[in-house]
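Participant: my questions concern the predicted model and sequence given below.
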Amino acid sequence: MHTIGYILIAAACSPAAASPLGQAEGFTVFVLENYQANNTDCTGRVAVGGDAQFNNVGIGSGLPNSSGARDDLIVGDDLLWTNGQNFNGNTQVSNDVSLTSVGTPNGSVGASVTVNFSDAKSDLEALSDDLAAIEADGTVVRQWGQLFLSGQESDVNVFDLDTGDFYPCYGLHIDVPAGSSVLVNVSGSIVSLNWFQPFLTGVEPDHLFFNFAECTVFQMNGIGWKGSILAPRATMQFNNGQIDGGLVLKDLQGNGESHHLPFSGDLPLSDPPGVTIAPYD
């Protein structure tokens, strides 16, 4: 499979169609290497490039019954799963499978893994780097331990932050024209998001996209996050919180909940691969 390229245009130009996430399209959680989860659920689809270890985990409860036509859990290496359910689709695993008290009422368990995680890694890292190079056009104000992001563009508003902006941070406020999309590029290798949530004016969570191109260590704790996160080089520890949006990561651990709300806004890229995120109704 060939590597997909991306060509940037200025942020002021008309953006291309929705997020070109390639093979990660349609997944609520897309992990390039390993995923370890306990006492949680993902209401959408999950893909794991390496090993998946689940205990008391539910998958796909927010999706329609596929009657075996859709793969809602894809694992590129081994799956060890105790207690839980894949509610509405199939489970596909390349190597060893161990299921204990796990239900698959509307699908089957097989070995047909259609995701090429090596290609996906290259493509998603390239996308993240390209997005990070886009010039910001929005205003950021830091005041009272909170971040205030405001933009004026009717199509896509782009903001730049640094991981240091979140130390400490008690709130993130985004104010843009109604119906517009938002791209927030965050530089820095270590990020910690604790005990706050974004407050949105003019933008819905499915039009909000956070890009952490440099991040390698990522912590989310006690947070109600809104918007999708692209951090293809990051190992995330996610506990005691939830995200309304998609997650794309290198590794993931914890009990954080992932709610199926795919990005359906616009990103300022030209000549995308022609793949868009379409939510399952």
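Facilitator: Here it is on my side, so go on. Numbering: from 1, shown residues only.
Participant: hmm, residue 268 is touching residue 183, no?
Facilitator: Yes. The criterion here is Cβ atoms under 8 Å, and residue 268 meets it with residue 183 at 7.0 Å. Glycine gets a C-beta too; all of them are placed from N, C-alpha and C.
Participant: what do those two both touch?
Facilitator: Common neighbours of residue 268 and residue 183, counting by Cβ atoms under 8 Å, 6 or more residues apart in numbering, are 134, 156, 158.
Participant: partners of the second one in the sheet?
Facilitator: Partner residues in beta bridges with residue 156: residue 181, with DSSP bridges as the criterion.
Participant: correct me, but it touches residue 179?
Facilitator: No. With contact defined as Cβ under 8 Å, residue 156 does not count as touching residue 179 (11.1 Å).
Participant: more crowded one of these two?
Facilitator: residue 156 (27 against 12; other Cβ atoms under 10 Å).
Participant: tell me the spacing between the more buried one and residue 137.
Facilitator: 9 Å (Cβ to Cβ, to the nearest Å).
Participant: toward the C-terminus, what is the element adjacent to whichever strand or helix holds residue 183?
Facilitator: Assigned by DSSP states H and E, residue 183 falls within strand 181-187. Following strand 181-187 in sequence order, the next helix or strand is strand 190-194 (DSSP H and E).
Participant: just checking: what are the partner strands of the following helix or strand past that following strand?
Facilitator: Once the chain leaves strand 190-194, the next helix or strand it forms, by DSSP H and E, is strand 198-201. Sheet pairing of strand 198-201 (DSSP bridges) gives strand 171-175 (parallel).
Participant: just want the angle from the partner strand to strand 190-194.
Facilitator: When axes from the mean of the first three to the mean of the last three Cα atoms, to 10 degrees is applied, the directions of strand 171-175 and strand 190-194 differ by 90 degrees.
Participant: give me the buried positions along strand 171-175.
Facilitator: Buried positions in strand 171-175, judged by neighbour count with 16 or more other Cβ atoms under 10 Å: 172, 174, 175.
Participant: report the distance from that strand to the chain centre.
Facilitator: 19 Å (Cα atoms, centre = their mean, to the nearest Å).
Participant: so what touches it?
Facilitator: Contacts for strand 171-175 (Cβ under 8 Å, 6+ apart): 145-151, 182, 184, 196-203, 208.
Participant: the same query, at a cut-off of 10 Å, please.
Facilitator: 138-139, 141, 143-152, 157, 159, 161, 165-166, 182, 184, 193, 196-203, 208, 210, 225-227 (Cβ atoms under 10 Å, 6 or more residues apart in numbering).
Participant: could you give the bridge partners of residue 211?
Facilitator: Residues in beta-bridge contact with residue 211 (DSSP bridges): residue 185, residue 230.
Participant: that one: neighbour count?
Facilitator: 26.
Participant: got the CA positions of the strand holding residue 183 in PDB?
Facilitator: Provided in PDB are the C-alpha atoms of strand 181-187 (Å, rounded to 0.1, in the frame of the first residue of the first chain):
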ATOM      1  CA  SER A 181     -14.300  24.200  12.400                       C
ATOM      2  CA  VAL A 182     -11.400  24.500  14.800                       C
ATOM      3  CA  LEU A 183      -7.900  23.100  14.500                       C
ATOM      4  CA  VAL A 184      -5.700  23.500  17.700                       C
ATOM      5  CA  ASN A 185      -2.100  22.600  17.200                       C
ATOM      6  CA  VAL A 186      -0.200  21.900  20.400                       C
ATOM      7  CA  SER A 187       3.600  21.800  20.400                       C
END
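Participant: elements contacting that strand?
Facilitator: Counting contacts by 3 or more Cβ pairs under 10 Å, 6 or more residues apart in numbering; DSSP states H and E, strand 181-187 packs against helix 117-132, strand 146-150, strand 156-162, strand 171-175, strand 198-201, strand 208-211, strand 228-239.
Participant: adjacent strands (with direction) for the next helix or strand after the longest one?
Facilitator: Put plainly, it is helix 117-132. Next along the chain after helix 117-132, taking DSSP H and E as the criterion, comes strand 139-143. Applying DSSP bridges to the sheet, strand 139-143 is found paired with strand 146-150 (antiparallel).
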